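1. okay, sequence plus prediction incoming.
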Amino acid sequence: MDKKRASAEFEPGPVPPYRPVDRYGFIKSDQVNPPVEVSARCRPSSDQEREQRRVRKWRKMIGAGGADWKHYARRKPNVVTRRIRKGIPDCLRGLVWQLISGSRDLLLMHQGVYEQLVLYETSASELDIIRDISRTFPSHVYFQQRHGPGQRSLYNVLKAYSVYDREVGYVQGMGFLAGLLLLYMSEEDAFWLLVALLKGAVNAPMEGLYLVGLPLVQQYLFQFERLVKEQLPKLGAHFDQEMINPSMYASQWFITVFSYSFPFPLALRIWDVFLYEGVKIVFKVGLALLKYCQDDLVKLPFEKLVYALRNFPEDALNPDTLLPMAYSIKVTKGLEDLKLEYLRMNGPQSHSPKSGNEERQLSVSTQKHSSLRR
């Protein structure tokens, strides 16, 4: 990429005028009677005390800088699962996400690699990344300024990953993953968490969501469609009658892990569980949404049905209502059986994540860049 052209394109734009934001940094929509949001300072003292107790429990569980995390997780896995499902305290979310995803270990093992990728390498995807940056969380104050600090950090993370794994490179949906991570951690931390997710440091690799042809998306949609028919047969039959398939409404659920168009508080709670338990939570939340709205959905014709599946009612998106319903849905065995069936039907080449030891994948990919420092 031409250096002068890149420099000109990266001149920061004017700072946007101040507008009120919610507790997460998203600009509040202009409404005649906007809903009242209760900030931490305005909550009843009992709620504040409960939240403080919860933070203290979490700090004790993970230790200073996360030093006690692995020991506690091995000793009390059920406690960890229960607390994560209740929601990680926002003030600790960035650190805990790094611990449960395995990305903190990757960073410590490969210090300096991120800087080398950003400073010394070029990517064929640079112009595509620049073009798409303004489409990532455009209503968040951190990403508002054109080529400001937020957009530059997002560019750096995505460019670095496109160099780190040239087979995957860059796909627009990756911006929402990286953008969400940057709201809770530094560039380097966000990069390594992206690596942990796509390469499978702890859970199944996600890279197949972004390879040419989106092979893992195709597998997940096949599995999801079958699960709908098995667990919600009345709705599944109605979908068949109206010729509705998951690609019409669920692709973004998997590609962005609900970070694209779902309420941010719900997306965060889903990500808490996703980073610890893996992609099955995406299936569970999707099934829970359909189950919650099933009585209305089965009455709708095609056009209204497509709209409803992309615009769920506010009450259906309440984390405290939706997530307990999702946790109660069993999918693990069904997903395994359906994965095998999909592979038999489509051949092993359709199974995008590469075979072999996951640590070896990460090690080999990183070693390619171990001599970049000049």
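-> Sure thing, it's come through.
2. show me the contacts for the nearest residue to Ser261 once chain neighbours are set aside.
-> Nearest-residue entry for Ser261: Gln252, 6.8 Å, with adjacent residues in sequence omitted and distances by CB to CB, 6 or more residues apart in numbering. Any C-beta I mention is one placed from the backbone N, CA and C, and that applies to glycine too. Residues near Gln252 by CB atoms under 8 Å, 6 or more residues apart in numbering: 173, 260-261.
3. dump those to JSON lines, plus neighbour count and distance to Leu95.
-> Output for the contacts of Gln252, formatted as JSON lines (neighbours: other CB atoms under 10 Å; distance: CB to CB, whole Å):
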{"residue": "Gly173", "neighbour count": "21", "distance to Leu95": "25"}
{"residue": "Tyr260", "neighbour count": "18", "distance to Leu95": "25"}
{"residue": "Ser261", "neighbour count": "13", "distance to Leu95": "27"}
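4. identify the spatial nearest neighbour of the most centrally placed residue in the chain, chain neighbours not counted.
-> Centre of the chain computed as the mean C-alpha position; nearest residue by CA atoms, centre = their mean is Val257, 4.2 Å away. Nearest residue to Val257, sequence neighbours excluded (CB to CB, 6+ apart): Phe274, at 5.6 Å.
5. distance check, the one you found against Met206.
-> 10 Å (CB to CB, to the nearest Å).
6. cool, and Lys229?
-> 25 Å.
7. those two: which is more packed in?
-> A count of neighbours by other CB atoms under 10 Å puts Met206 above the other of Lys229 and Met206, at 24 against 14.
8. what separation is there between the more buried one and Asn318?
-> 27 Å.
9. thinking Tyr220 is in contact with Val257, fair?
-> No. Checked against CB atoms under 8 Å, the pair Tyr220 and Val257 is beyond contact range at 11.3 Å.
10. need the residues touching each of these two.
-> Val282.
11. run through the stretch 1-150 of the chain and note the low-pLDDT ranges.
-> Applying pLDDT under 70 to the stretch 1-150 of the chain picks out residues 1-10, 30-44.
12. how much space separates the nearest residue to Ile329 once chain neighbours are set aside from Arg93?
-> Excluding the flanking residues, the one nearest Ile329 by CB to CB, 6+ apart is Lys284, at 4.8 Å. Per CB to CB, Lys284 is found 21 Å from Arg93.
13. which one of those two is surrounded by more residues?
-> Lys284 (24 against 18).
14. mind listing the helices for the stretch 1-150 of the chain?
-> 3-9, 45-62, 69-75, 77-86, 93-101, 103-109, 113-120, 126-133, 149-164 (DSSP state H, counting those that start in this stretch).
15. residues making contact with the fourth one?
-> Spelled out, it's helix 77-86. Contacts for helix 77-86 (CB under 8 Å, 6+ apart): 57-58, 61, 72-73, 100, 272-273, 276-277, 323, 327.
16. distance check, the residue nearest to Ser261 against Ala196.
-> From Gln252 to Ala196 the distance is 22 Å (CB to CB).
17. now do Phe283
-> In terms of CB to CB, Phe283 sits 21 Å off from Ala196.
18. ok, Asp296 next?
-> Distance from Asp296 to Ala196, by CB to CB: 39 Å.
19. and Arg135, by the same measure?
-> 25 Å.
20. those two: which has the busier surroundings?
-> Higher neighbour count among Arg135 and Ala196: Ala196, with 27 against 12, using other CB under 10 Å.
21. that one belongs to a helix?
-> Yes. Judged by DSSP: H, G, I helix; E, B strand; the rest coil, Ala196 forms part of a helix.
22. wait, it sits on Gly102?
-> Yes. In this structure Ala196 lies within contact range of Gly102 using CB under 8 Å: 4.9 Å.
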